[in-house]
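Chemist: my questions are about this predicted structure, shown below with the sequence.
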Amino acid sequence: MKKRLLVVTLVAVLTLLCIQLAFAAGNISVQVNGKSLSMDSEPFIKQGTVLVPMRAIFETLGASVKWDNKAQKVTAKKGSTEIILWIGKKEAKVGSKTVILDVAAAVSNGRTVVPLRFVAESLGAKVDWVSSKNLVVVTTGGGSDATAELKGSLKMSGSTSVQPLAEELTQAFMKENPKVQITVTGGGSGVGIKDAADGKVNIGNVSRALKDSDPKDLVAMTIAKDAVVIAVNPKNTVDKLTTDQVKIIFTGAITNWKEIGGKNAPIIVNSRTAPSGTFDFFKEKFLGEDNVVATAKQHASNGLVRQAVAANENAIGFISMGFVDSSVKAPKLDGVEPTLENAKNGTYKVIRPFVMVTKGAPTGLAKSFLDFVLSSEGQSIVKKEYISIQ
Amino acid sequence: MELENVSMIIPEKASSTTGFFTRPRKPFKERIIEKILLLLTILSSILIFFVMFFVISKAIPVLKASGFSFVFSGGWDEIFSKAWQASADQPVLRFGALPLIAGTVLTTSGALVFCLTFGLGCAIFIEEMCPAWLRKPLKSTVRLLAAVPSVIYGLIGLMIVVPFISKHLISNELSLRMIKICALDGTSLLAGIIVLSMMIGPIFIAMAGDAIKSTPKKYKEASLALGLSHWRTIVKIILPAARNGIVAGAILAAGRAIGEAIALSMVTGSVANLPNPAHGLVFFLEPVRTLASTIVDNAEGMSVAACESALFACGSFLLLSCVLLSSFSRIFSGNLRTGGVSGK
């Protein structure tokens, strides 16, 4: 009995000792952009050079790695930069340039390890050695070439007005960053706000400015401006309206197209459900304190209003300019043709902001995406059918 | 050894709790699986109660504030938009869902009338009069139709039924005369009833057909032997005998009709309008909105607690009617199994 206890104790002590030793020997940690790098085997120093497992470092820096077993060759690629290392060979290649290393890449504990400084600096990062903490600090620069390749997924929901634009923006963004997956769903501005506040989505799309009644912890970023146009059926003979006429039509004060120069037919009013951002803006711009007539059909999206107007000769509705197509007609408002040019040069004045909201300040991938949206590249997509904020 | 074999052949008996077949010990595996099945059964029944509890607890703020006026007063759309705009300290909680409840009842009962006339006729034809070579293809068609997703019927309604009504049944004069009361554009109670009938008809035909088929053959033979015509046998003998099954089918069909949201939201007009029977036949051309399609149409409002509660109140009414319908159908299908013969 005593003997057994002794053996167990001995084993335990030895194990502890081993762990201690291993820990002391490999007590180097690596930080990339302030986050410590997790590695499947410990980094170590060989002749003054820190060697780290290749997958961890390459992938963190956003490079893709290929391993050629036959040639014992590691090829890492990030953007236009290509690095080639050979196991046990002090020669390495950065693009077409050959570099001589102090220490070659090696295999340790079954893992391929590569010299950290060489790899990181070749990929455009800065490397610092904090000797007091045995810490290597890798910082990727600000240039787009030097930032790590983005990956992960984002979810967006909200305004059906913003949705088509958001989809174009995300598609362009995903094309540039193939490892990023972004899904955009509709629901309406109200849903966008709720989902973002609840943390169900990373970004909520809203087609109006935030109000006092919206959750306080949301941060809004205006990404574009959009015009709202009045839509009638292409067969309708009315081709110009005034702001006042729009008001009396939608409040139900007049109900016959004859009264504003059309034919003798009823006016079928199509509106949106109350939580719609487009409705909110429309009400503020045209109706003020008055309510939409009670007989108005309540639709849940821009597309449904367009469909309803396209299907009925006597229908009228309001939709985001981005939704106007040949199935509906947008009459002149106060003498101004509602076109993108007129909206851009300020003659067409029914314009509201498109907003993307995040819970708290945007971080991580959401921030990268919003930066892209606000960049000149993102705004050039906005300009195609909407008004850029620049 | 022999005992072992028997238990393998009839494991249900061996594992039944009645102790009909006593065994010294069940295999460990069996006992584990039984316990897991028991656990899953309990879990799923708890889940149902949890859903009910959740829906009703969410609905309570509005139901409490509205009381009976939830059922007896109208103005849903206006109240909903007020509730959406209200500040959080003074929420609007008094809702009136009369138009929605009326819309639900009207579309469902309208569709049921269609079913009980045309659907029953179809079922009788398929089971009693159809030539044998046609019966099988007809039956499979009906079953196929019963499985078509509702949104497809909604699309058909939107693309064919609604334009038809607007073109052929609503004149410009009628529409002009009614515009102050409601907009007539083809999306209407009638469109809702037609689409709903198309949707629940096949279910009803299949169920009613089964009920007719399960009428004991000797009844029919006896009736024919006594000299009654085939037609009279159907009306006087077969239909009364199959009555419970037919009613059960109608109840199940009604259950589907009440809960239908998308298809109806597409064709009934998206406005909480209470059709007025005083308008005569125009009544059927007026727009309505059902409880279920209101939940879909107004779902955007969920971010405001009062609006959310109002939608859950609609949901709790739906849930309640489904519970009632399903208990009715249990009663009737229960009768069907124990003989299926009515009092007469």
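Modeler: It's in.
Chemist: report how many residues lie close to residue 203.
Modeler: Let's take chain A. Using other Cβ atoms under 10 Å in any protein chain shown, the number of residues around A:I203 comes to 29. Where C-beta positions appear, they are placed from N, C-alpha and C, glycine not excepted.
Chemist: that answer is for a different chain, and I need it for chain B
Modeler: That count, for B:I203 with other Cβ under 10 Å as the rule, works out to 24.
Chemist: tell me the contacts of it?
Modeler: B:146, B:249, B:252-253, B:256 (Cβ atoms under 8 Å, 6 or more residues apart in numbering or on different chains).
Chemist: low pLDDT regions in the chain?
Modeler: If you meant another chain, say so; for now it's chain A. Within chain A, the segments meeting pLDDT under 70 span A:1-3, A:5-26, A:79-80, A:141-148.
Chemist: nope, chain B
Modeler: B:1-24, B:88, B:333-344.
Chemist: show me what counts as buried in the longest helix belonging to it.
Modeler: What stands out as the longest helix in chain B, according to DSSP state H, is helix B:28-66. Residues of helix B:28-66 classed as buried: B:55-56, B:58-59, B:61-63, B:65-66 (neighbour count, 16 or more other Cβ atoms under 10 Å in any protein chain shown).
Chemist: which pair in those residues spans the largest distance?
Modeler: Farthest pair in these (Cβ to Cβ) is B:V55 and B:A65. Separation: 17.1 Å.
Chemist: is there a quick PyMOL command that grabs whichever of the contacts of B:I203 are buried?
Modeler: The buried residues among the contacts of B:I203 can be selected in PyMOL (16+ other Cβ under 10 Å) with this line:
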select buried, chain B and resi 146+249+252+253+256
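Chemist: which one of the contacts of B:I203 is nearest A:K285?
Modeler: Using Cβ to Cβ, B:R256 is the member of the contacts of B:I203 that lies nearest A:K285, at 42.7 Å.
Chemist: where does the closest one sit, in terms of helix or strand?
Modeler: helix B:239-259 (DSSP states H and E).
Chemist: which elements pack onto that helix?
Modeler: helix B:98-114, helix B:120-124, helix B:189-213, helix B:291-297, helix B:305-337 (3 or more Cβ pairs under 8 Å, 6 or more residues apart in numbering or on different chains; DSSP states H and E).
Chemist: can you give me the helices in the stretch 251-390 of chain A?
Modeler: Assigned by DSSP state H, counting those that start in this stretch, the stretch 251-390 of chain A shows helices spanning A:277-282, A:302-311, A:340-344, A:364-374, A:376-385.
Chemist: packed most tightly, which of those would that be?
Modeler: helix A:277-282 (a mean of 26; mean count of other Cβ atoms under 10 Å in any protein chain shown).
Chemist: surely A:K194 meets B:S303?
Modeler: Yes - A:K194 is within contact range of B:S303, at 3.4 Å (criterion: Cβ atoms under 8 Å).
Chemist: could you report the neighbour count for the residue in the stretch 1-150 of chain A that chain B sits nearest to?
Modeler: Proximity of the stretch 1-150 of chain A to chain B (Cβ to the nearest Cβ) peaks at A:L150, 30.0 Å away. Neighbourhood size, A:L150 [other Cβ under 10 Å]: 19.
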